[in-house]
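# Generate a structure from the sequence data that follows.
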Amino acid sequence: MKTTQEYIEENRARFLDELLELLKIPSISADPKFKDDVAKTATAVADSLRNAGCSMVEVFQTKGHPIVYGEHITDPGLPTVLVYGHYDVQPPDPLDLWDSPPFEPVIKKTAIHPDGAIFARGSCDDKGQFFMHVKAFEAMVRTGTLAVNVKFMIEGEEEVGSSNLGDFCRENKKMLACDMVIISDTSVLANDTPSITVGLRGLSYVEVEVTGPNKDLHSGVYGGAVANPAQVLCDMIASLKDENKHITIPGFYDDVVEVTASERAAMNMAPFSKKDYMAGLGIEETMGERGYTVLEQTSIRPTLEVNGIWGGYIGEGAKTVLPSKASAKISMRLVPNQKSDKITELFKKHFESLAPAGVKVTVKPHHGGEPVVTPSDTPEYQAAAQAMLETYGKEPIPVRGGGSIPIVALFESVLGVKTVLMGFGLDSDDIHSPNEHYGLFNFYKGIDTIPRFFAHYARLKAKS
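Coordinates of the predicted model:
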């Protein structure tokens, strides 16, 4: 019988072809126009799990988009690993900034990805990454080397807050019972510097609207006398940070856990060049919270960012109008001990208090999630570290990520298990942005590493 690695090597081309087909489906969960495409993707994911060897697969309907579940129980006496991923993707807008259509995947070589990268929406976040697990699982089943029981839960609402996942987990707690969860929806520091994410920030996401006059007005006739909602909104947003980029919302930092000096020193030992960082982004300087390095600003400090802002006339040419309304979407990344509901309420109270006479302000909460820190002294983490050491040739560095995966805290509270965040993307892969891509090196490295992780976890779990 072939070894797992031999099977993977012989099927590399097919694995890639199957991923490319999955990437062609526009599974945009945020836009109702794509509801049928999201459902089509769920069916395609279910088919991939069946073809890979799952003995039971089911597509569960929710109040929103479907959740795909699959399992393969090798031996009830063995440990069980739950693989989580999501098949929904971010909207691809603005489309004119893509070098190729977002749902027509192409492979191109880049300086960072000399072996080629897949350019398509969802290639890295998260179709390419969860699909690594499906193919690694297939290789283990086909070669008789699966050392654990495996369950898959692949959802379709991660990009819109996973609003139905909590109820699903609580209602199906017995079905989802496991010893640990593994997620590949994070990154490594570099293709020659492996890392494992041990912390994630939480999230509070809101939409704000400022309303002035009951209709758009002629800016010459009314300008200078009537409050302009667009200008008021900009002034209000600008006041949310001081000259040190410190967030000014009262009580915002009350629950923040300060990281010790030694922990900060260890964090900043990770390979990082501010010069290369700025060059890659085409900027001449960074603009984060004063007193913290870039690595700290993007991991251990809370943030407040405007994700979108609109109001008035934005079409071709000129239209001298004083808009009736102006709006913005704002996200706040949270760190350990901050609670998303509390931060949302603090923001709402403060933002409403900023409104001058002549306008009305509404704050609409969207979704949130809690920050999390995962231990690095468990069999789960040690198995991941050993597997990456073997495939990369280097010990992985534990790092805290700047993004949010709210379901990590959910899994711990509902299922009572810890999560390993073993991702293979790069921060430079432009997730959520035009020209999202995922390196072929990273895709295949994940498929090579995951079976080793399973084997090491089974061994270490047996000893514990």
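
# so how far is Leu82 from Met153?
6 Å (Cβ to Cβ, to the nearest Å). Bear in mind the C-beta positions are built from the backbone N, C-alpha and C, glycine included.

# so what sits against both of the two?
Residues touching both Met153 and Leu82 by Cβ atoms under 8 Å, 6 or more residues apart in numbering: Leu176.

# Which of these two has more residues huddled nearby?
Met153 (26 against 23; other Cβ atoms under 10 Å).

# Could you tell me how far the more buried one is located from Lys108?
Noted for Met153: a distance of 32 Å to Lys108, by Cβ to Cβ.

# Also Asp341?
Between Asp341 and Lys108 the computed distance is 43 Å (Cβ to Cβ).

# Leu16 now?
From Leu16 across to Lys108, the span is 14 Å (Cβ to Cβ).

# Which one of the two is surrounded by more residues?
Set Leu16 next to Lys108 and count neighbours by other Cβ under 10 Å: Leu16 wins out with 20 against 13.

# Quick one: residues contacting the more buried one.
Ile118, Leu440, Phe443 are the contacts of Leu16 under Cβ under 8 Å, 6+ apart.

# Let's have the residues you listed in a markdown table, adding neighbour count, distance to Thr248 and pLDDT.
Listed next are the contacts of Leu16 as a markdown table, based on neighbours: other Cβ atoms under 10 Å; distance: Cβ to Cβ, whole Å; pLDDT from 0 to 100:
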| residue | neighbour count | distance to Thr248 | pLDDT |
| --- | --- | --- | --- |
| Ile118 | 26 | 42 | 98 |
| Leu440 | 18 | 45 | 98 |
| Phe443 | 27 | 43 | 98 |
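
# Among the residues you listed, name the ones in helices.
Leu440, Phe443 (DSSP state H).

# is it possible to export the contacts of Leu16 to JSON lines including distance to Asp276?
Output for the contacts of Leu16, formatted as JSON lines (distance: Cβ to Cβ, whole Å):
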{"residue": "Ile118", "distance to Asp276": "23"}
{"residue": "Leu440", "distance to Asp276": "22"}
{"residue": "Phe443", "distance to Asp276": "24"}
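
# Show me which of the contacts of Leu16 is closest to Arg201.
Phe443 (26.1 Å; Cβ to Cβ).

# Would you mind measuring from the closest residue to that closest one other than its chain neighbours to Val148?
Counting by Cβ to Cβ, 6 or more residues apart in numbering, Phe443 lies nearest to Gly128, which is 5.7 Å off, once chain neighbours are set aside. From Gly128 across to Val148, the span is 23 Å (Cβ to Cβ).

# for Thr197, same thing?
21 Å.

# Pick out whichever of these two has more residues nearby.
Thr197 (27 against 22).

# Could I get the phi/psi values of that one?
With angles defined as degrees, to the nearest 10, Thr197 sits at phi -80, psi 130.

# pretty sure it contacts Phe424?
No - the criterion here is Cβ atoms under 8 Å, and Thr197 misses it with Phe424 at 11.2 Å.

# so what sits against both of these two?
Here Thr197 and Phe424 have Ser187 as joint contacts, going by Cβ under 8 Å, 6+ apart.

# where in the stretch 251-400 of the chain is pLDDT low?
Judged against pLDDT under 70, the stretch 251-400 of the chain has no low-scoring part.

# Which residue ranges of it form strands?
303-311, 321-322, 325-334, 360-369, 372-373, 397-400 (DSSP state E, counting those that start in this stretch).

# again, but for the stretch 1-150 of the chain
So, for the stretch 1-150 of the chain - with DSSP E, counting those that start in this stretch - the strands run 56-60, 67-72, 80-86, 106-108, 117-119, 149-155.

# Quick one, which of these gets closest to Ala261.
Closest among the strands of the stretch 1-150 of the chain, once you apply Cβ to Cβ, is strand 80-86, at 34.6 Å.

# partners of that closest one in the sheet?
With DSSP bridges as the test, strand 80-86 is paired with strand 149-155 (parallel), strand 180-183 (parallel).

# Distance to Val208 for the ones you listed - can I get that in TSV?
Listed next are the strands paired with strand 80-86 as TSV, based on distance: least, Cβ to Cβ, whole Å:
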stretch	distance to Val208
strand 149-155	28
strand 180-183	31
